[in-house]
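Engineer: based on what follows, work out the 3D shape:
(3 chains)
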Amino acid sequence: MELPLAFNDQLFIQLTVNGVTLGSLYALIALGYTMVYGILKLLNFAHGDVYMIGAFIGYGVLSGLGGPLSPDLALAPLILLMFLAAMLGSGLLGVAIERFAYRPLRDAPRLAPLITALGVSFFLQNSVLLLFGAQFRTYNSFVLGSPTPELFEPGPLIDPVFKIRGVNIQLIQLMVLLVTVALCVVLTLFVARTRVGKAMRATAYDREGAMMMGIDVDRVIASTFFISSVLAGAAGVMFGLLFSQVFHFMGFLAGLKGFTAAVVGGIGSIPGAMLGGLLVGLTEAYASGYLGGRWGDLTVFGVLILVLLVRPSGLLGSKAIQKV
Amino acid sequence: MDAPDQQPRVGVDDWVAQHEDRVDQRTGFAALRRRLGRYVPPPVQLALFTLLAATLPFWMDRGDLFAYGIFTLMYILLGLGLNVVVGYAGLLDLGYVAFFGIGAYSYALLSSDHYGIHWPALATIPLVMVGTALVGLLLGLTSRRLLGDYLAIVTLFFGQAFVVFVNAVNPIVHGQGLTGGPNGVADIDPLRFFGYELTTRRQQYLFLLGAVVVVLTALHFLSESRTGRAWRALREDPLAAGAMSIPVHRLKLMAFAIGSAIAGLAGCIFASVLTAVSPGNFGLPILITIYAIVILGGIGSLTGVVLGAIVINVSFQFLAPENPQSNARVLFYGVLVLLLLLTVRPRWVGAALVAAVLAFGIVTQAIVEALAPSWTGGSIVQGGRLGGVIDDWAVIPSGHGNFGNVAYVALVVAVIVVTRLHGWWQTAALVPTVYLAAIVWETSFVEQPAVARWILFGALLIGLMTVRPQGLLGTPRVEIV
Amino acid sequence: MKKGFFVAALVAALAATAAAFGGNAPARSGPTAAAGPDTALIRCGRTRTIGVAAPVTGPAASIGAQQARWARFFVTRYNARRANRRKKLRVIVGDTQLPDTAQAIQVAERFASNSAILGVVGPAGSQEVQVSTAPLKSGGLAFISGSATRTTLTTDRTRRGFFFRTVPNDDQQGPKVASHIRSVVRASRVVIIDSQNSYSTGLSDTVQRILSNANVNVRRESVNEETTTDFSSLIARIPGDTQVVYVPWQLAPKAQLFGQQLRAAGKTARLFGSDGLFDPDTFKIPGSLVSFFPIDLTDPVIRQYRAGPGGGESQLFGLPSYAATQVLAQAIDKSCANGNATRAEVRRNVASTVIQKPNSLLGFTQKFVQRGTFPLGPGDMQRPADFGIYRISATGNYVRVA
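Structural biologist: Now for the predicted structure:
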C-alpha cells in the first residue's frame, strides 16, 4: 500500500504543472465534444479517434521529413508544419464523418448516432491498425531537435525554460499551455464576434428558428465539426510532442477523459469545457501524485461524481429549462 | 360543406390522429412484422424461438455452440437487462457492465476456492441477484438529481471505478485480496443444482436458454402491466408522466434494480461458464457491444434485443480469424452480389452490374498479366473452390509490399466518390469500386482477418444505422416539436 | 432501397449462419465426446495446421501482434526448407483480445473443435491460460505459451502434459533479479512499480518479498502502463535518493517514456526492466538493466526477422513464441512420421522435445520439465533455462553482464 506523501511545496508545484499541461489537452478535446453537442445534442464518440488521427498525421509528417532523429527542417518550422497538417487533416476528416455518418441521422432518435459513432470509431481505429501496424509510433520528442540524438542528449523541447522553486518547466509544457490558451481565446472570439460564430450560436439555440432566419444549417454544422476536429488534431500533435508515443488505441482513452471534462464543465458550454478539462487534469495529477496509482484513479472518479452531485448540470452548465 | 366524416374534428390534431392509419399502410419489413405480430402471438413466437434454439446443440459442434450459442444467449440476457433501463425507463446507464461484474465476482467469491465457500447455485443465484439489485438501487438514487447526459457520466464513472477497484485496489479481506487483482478469481465452481453439475457446454447452453426464456416471459408480462405502461410514459416525457401522478422516481429506481438483477444473473452464469473472472471482462468493449445490441435491435422491443444479439454476435463470430477464411469469403462475395442485385434499381441494371464487374475483372487481369506479370503473381490465401476462381479474376500481386495499404486507401476514396456521384456516373463508378473491394479483401483483409473483422463490423454498424435509425424492430417515432 | 437493403442483410445473415455451420462439418465431436478429440486420428497430409492464440487487436495489440508475427515467421522459414516441401505448416490465428478473457475462451473452444488443428501456440496472458485450460484440455490439445509467466500455472499440476511455456516463470525470474539488485548493484533503496496486470504484479510481489526479507528499503508503487502516458505524478512520488527502480512492465515504449521523464525530472535512479522490456530498438535508457534470455543479438535469424516481418525492428517480445512454434513443429513432425497423428501423440512429443543449443534462438538447450520441484513445475523449461542480465550502454547497446 503506497503511503500518501507529505505536503511540500515543490511536489505541489510539480503536480500543478503536470495537471495544467494534461488539463490543456483534455480541454481541447472537451471543446470539440461540447461544440458538437451544443449544436446537435449529439455525443460524438468518434471524436477521440479524430484526435488519434491528428497525432498520426503529425507522425506521418515527421517521418516523411526525415524522422525524429534526423529531421530535414529546423525544429520550429517542422513543428509548425506538423500542426498545420494535422489540424487541416483532422478538420477535413471531421467534416467527412459528419457528412457520411451523422447527416442521415439528423432527425433520428437520440441514441442512434451513438451506434454510428461507435462504428466510425471501430472503423478509424482499425484502419490505422491495418495501415500502420500495432507497434507504438514515436515522435521521440525527448531528443527531437537535439544536435546529438544518438547520445540521448535531451533536445530543446525538454529544456527547462524557467524554474519555480526548483521545479523545471519544460519548453514543451509551456508551449502546450500557450497554444491551448491561444486556441481557446481565438475560439471564444470567433463564436462571439464573427457571423459564422453567431450562426452557430443561433443554430445551437433553436435549429428550426435558425433555418427560418435563412441560416444554412448544413454549412454551420459542417463548420462546427471542422472547428472541433481542428482542435482535436492540434491536441493530437501536442500529445505526441509531450509524450512521444502514438498508437491506434490512444483516441479511445483520451476521448473518454475529454468527454468527462466536457460533461463536468457543463456540456454545451465552451468556457465550461475549458474549466472541466483543467479540473480533470488537476484532479488526476494530484490524486495520482499524492495517493499513488492504485487509489489515484478511484479518487478521480469520486471527486468528479461529487462535483456532479453538487452541481447536477456541470460546473458552468445552464440549468435546463424543460419546456412542457 | 364537407361531408360529415371529412369535417375537421374539433379538439383533435388530425395529423396525429391519422398516425394509426399511416402505420397500417406501411409496406416492407415493418408490415411483415406487424402481420406476423398479429397472426403469431408472442407466446407462440417465444415457443418457436425456444424450439429452434434448443436444437442447436444437436447439429453444432462444441466450438460453434460456445461461440454462437452460449455467447449469443449471454448477450441476449444482458441486452434484456439494459433494455429495461434504457428502453423502458429511458435512462442512459453507461455503467451497466459493472453490475454484470458485481454479479460475476459475487458468484465467484461464493462458489470457489478463493475463500473456500462453495454454496450451491440455488442459494447463490438469488442472493447475487438481490445483492446486485440493491447496488443498482443505490446507483439509481443519483438519478434523482441528475438528468440525461449527467446521469450517463456518473454511471460511466461507476463502471470505471468498479474495474479499477477490482483490478488495482483489491483490498485485503480475510488475509487475501478480495478480488484477486489483475488475476481475478479462478477455479469457479460450475452451477450446481441438487448435486447435479452443469459441466458440459450443452448443459450450460440449455440452462442459459431456460434462463433467457424465463426472463423474456417475465419482462413481457412486466411490459404489458401497469408498470410497463408507466415506464413508457416516463420514457416519452418525464414531466408529463410526473404531472399524471406517476411515481417517476420510484419507477426509475425500479428500472435500475430490475436491470441490475438481470445483469447479476448473467454474471453468475458467465462466471460459471468461464470458470474464471478477471477485471478485463467488464470493461468498455462489453458495454459497447451490449448497447449496440439494444439500439440496433430497437429500443424497448424484446424481440429486437434477441434479433440484435443474434445479428451482432453471429456476424462478429463469423468474421473471426479462427473461422476458416473460406467461409468468410463466401459471405463477403455473397453479400456483395446480393447488395448489387437488391439495391440498384431497376433490377436489370443490378444484374448487368454484376456481369460488368466480372467482365471488368477478367479484362483487367488479362491486361495486367500481359504488361507486368509480377503484379498478378500472388495467390489466394486459404482458397477452397471459390478461391481458385477468384485467383484468376482479381489482380493479386506478389511482393510489392504496400499494395494492400494503397488499395485500401483507394477503396475508401472510391466509396466516398461513388456516394457523391449521381445517375449513370454512379452506376459506372460502382464497377471498379466493387472490383477494388474484392482486391482489398484478398490482399489486405485476408492477411489480417482480426483487424478486418473490426473494420467490417464498424462499417456494418454505420450502414445499418443509416438505413434504419430506429433499429431493426424499433418503430419510427412521431416526434412533435 | 431501404427494403432491399434490409432483405439483403437478412438473407446474408441467414446465409452466413448456414455457411458457418457447414464450414466445420467434420468436427462432430459433441460436448460429451471428451475422449474423441484426444485420440482421434488426424490425417497429416501435405499441410499440418497449428493454432496461434494472441491478442492481435485491442489494447494489447502491440505485443500480441509481435507474437503472432514471430510464430508466422517460423512457419515461413519452415515451409521454405526443401526438406519440408511435402509437409507444410499452416497457421490459424485466433484473436484473444487481452484483457478480455471471454474472447480467449471462445478461441480455445473453436480451436478445440477444429479437427485439423494439431497444437496451439499461446495464449499470451496468464488469465487467458486460466480460462482456456478446460476447453483445450478436453480437446486434447497441447498449448505452448510464449509469455504466460504466473508460477501456479505449472506448479499446481492441473495442466500437466498439456500446458508448456518457453519463458521462465515469475519465481524463476524474480530471485535472479533480486539477487542482482542486492549483490551486484548493491542498492539499498529500491522502488518497485507494477503495471496493474497479472505479469507485473506477480514479478513485483516476488522481488519485493525477497528484497524486504534481505532488509532492503523497498517502496511499492503502481501505475497502469497501458493507459498512462504522463508519468510525471508517479515520478514525483519517487524519492530523490532511490538507487534502483524495478519496472516489470510489458510495453517497452512506455518504459522508454518513463525513463526519459525520469531523467527530465532530474532523478538519477537506475531502471531495471524485466524480460517484457527487452527491446533494443525501443527501450534504450543508458545505464538501465534488463533481464532476458542469453540470446545472440547478431543471430542471422533475428536479422532476417528485422529485415522482413519486423519492418526494421526486432520485436523480441515475440521471440519465445518463435521458440514455442519450433517445439510444436518438431513434435508434429515426429507424430506425423507415419502419416497420421493424434493430439495425444503430439502432446507426448512436445513434452519430450529437445531443441539443442545451436538450433535454439533462446541461447540454451530447451527441454521441458516432467515433474519438477518449486519453482519449476511440469511444463516449465528445464535448467539451464534462465535469464541473463543486460546493461544498456551509453550508446544504447545491450551488453550482457550476468
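
Engineer: need the pLDDT of the closest residue to chain A within the stretch 251-400 of chain B.
Structural biologist: Closest residue of the stretch 251-400 of chain B to chain A, CB to the nearest CB: B:I295 (4.9 Å). C-beta coordinates here come from the backbone N, C-alpha and C atoms, glycine included. Looking at B:I295, its pLDDT stands at 87.

Engineer: swap in B:S444?
Structural biologist: The model's pLDDT for B:S444 equals 80.

Engineer: next up, the contacts around it.
Structural biologist: Each residue near B:S444 by CB atoms under 8 Å, 6 or more residues apart in numbering or on different chains is listed here: A:130, B:404-405, B:407-408, B:452.

Engineer: what's the closest of these to C:Q208?
Structural biologist: Nearest to C:Q208 among the contacts of B:S444 is A:L130, at 41.0 Å by CB to CB.

Engineer: ok, that closest one - how many residues close by?
Structural biologist: By other CB atoms under 10 Å in any protein chain shown, the residues close to A:L130 number 22.

Engineer: name the element residue 220 belongs to?
Structural biologist: Since no chain was named, I'll use chain A. Assigned by DSSP states H and E, A:V220 belongs to helix A:217-243.

Engineer: I was after chain C.
Structural biologist: Applying DSSP H and E as the criterion places C:R220 in strand C:217-222.

Engineer: tell me which strands and helices that strand is in contact with?
Structural biologist: In terms of contacts (3 or more CB pairs under 8 Å, 6 or more residues apart in numbering or on different chains; DSSP states H and E), strand C:217-222 is packed against helix A:293-310, strand C:189-194, helix C:198-213.

Engineer: quick one: strands adjacent to that strand?
Structural biologist: Each strand paired with strand C:217-222, and its direction, by DSSP bridges: strand C:189-194 (parallel).

Engineer: which residues touch stretch A:133-143?
Structural biologist: Applying CB under 8 Å, 6+ apart, the contact partners of stretch A:133-143 are A:56, A:58-59, A:62, A:68-69, A:149, A:152-155, A:157-158, A:172, A:240-248, C:56-57, C:61-62, C:64-66, C:251, C:253, C:256, C:260, C:264, C:282, C:311, C:313, C:315.

Engineer: which ChimeraX command selects the buried ones in those?
Structural biologist: In ChimeraX syntax, the buried subset of those is picked out as below (16 or more other CB atoms under 10 Å in any protein chain shown):
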select /A:56,58,59,62,68,149,152,154,155,157,158,172,240,241,242,243,244,245,246,247,248 /C:56,57,61,62,64,65,66,251,253,256,260,264,282,313,315
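
Engineer: how about the helices in the chain?
Structural biologist: In the absence of a named chain, this looks at chain A. For chain A, helices defined by DSSP state H occupy the ranges A:9-40, A:47-64, A:75-97, A:112-132, A:171-193, A:195-205, A:207-212, A:217-243, A:250-265, A:270-290, A:293-310.

Engineer: try chain C instead
Structural biologist: Applying DSSP H to chain C gives helices spanning C:2-23, C:35-39, C:61-80, C:101-113, C:126-138, C:152-155, C:170-179, C:198-213, C:232-237, C:252-264, C:300-307, C:319-335, C:343-352.

Engineer: related to what we said a few turns ago, kindly reformat the helices of chain A as TSV containing distance to chain C and mean pLDDT.
Structural biologist: Compiled in TSV, the helices of chain A are given as follows (distance: least, CB to the nearest CB, whole Å; pLDDT from 0 to 100):
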stretch	distance to chain C	mean pLDDT
helix A:9-40	4	89
helix A:47-64	11	92
helix A:75-97	17	92
helix A:112-132	7	88
helix A:171-193	9	90
helix A:195-205	28	89
helix A:207-212	25	87
helix A:217-243	4	93
helix A:250-265	5	86
helix A:270-290	4	89
helix A:293-310	4	81
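
Engineer: would you point out which residue is most central in chain B?
Structural biologist: Residue closest to the average C-alpha location in chain B (CA atoms, centre = their mean): B:I293, at 2.8 Å.

Engineer: just to check, that one is in contact with B:G81?
Structural biologist: No. Judged on CB atoms under 8 Å, B:I293 makes no contact with B:G81 at a distance of 11.1 Å.

Engineer: tell me which parts of the stretch 101-250 of chain B are close to chain C?
Structural biologist: For the stretch 101-250 of chain B, the contact set with chain C under CB under 8 Å from any CB of the partner chain comprises B:167-168, B:181-184, B:186, B:200-203.

Engineer: wait, C:T242 sits on C:F272?
Structural biologist: No. C:T242 lies out of contact with C:F272 (CB under 8 Å); the separation is 11.4 Å.

Engineer: quick one, which of these two is more surrounded?
Structural biologist: Comparing C:T242 with C:F272 by other CB under 10 Å, the one with more neighbours is C:F272, at 25 against 18.

Engineer: contact partners for the more buried one?
Structural biologist: By CB under 8 Å, 6+ apart, the contact set of C:F272 is C:177, C:180-181, C:244-247, C:288-291.

Engineer: and of those, the nearest to C:A307?
Structural biologist: Within the contacts of C:F272, proximity to C:A307 (CB to CB) peaks at C:V290, which comes in at 23.6 Å.

Engineer: apart from its chain neighbours, what residue comes closest to the closest one?
Structural biologist: C:G273 (4.4 Å; CB to CB, 6 or more residues apart in numbering or on different chains).

Engineer: could you check how many residues crowd around the one you found?
Structural biologist: C:G273, neighbours per other CB under 10 Å, totals 29.

Engineer: who's in contact with the spatially closest residue to A:I172 that is not a sequence neighbour?
Structural biologist: Leaving aside its chain neighbours, A:I172 sits nearest to A:L157 (4.3 Å; criterion: CB to CB, 6+ apart). Shown in contact with A:L157 (CB under 8 Å, 6+ apart): A:75, A:141-142, A:144-145, A:170-172, A:175, A:241.
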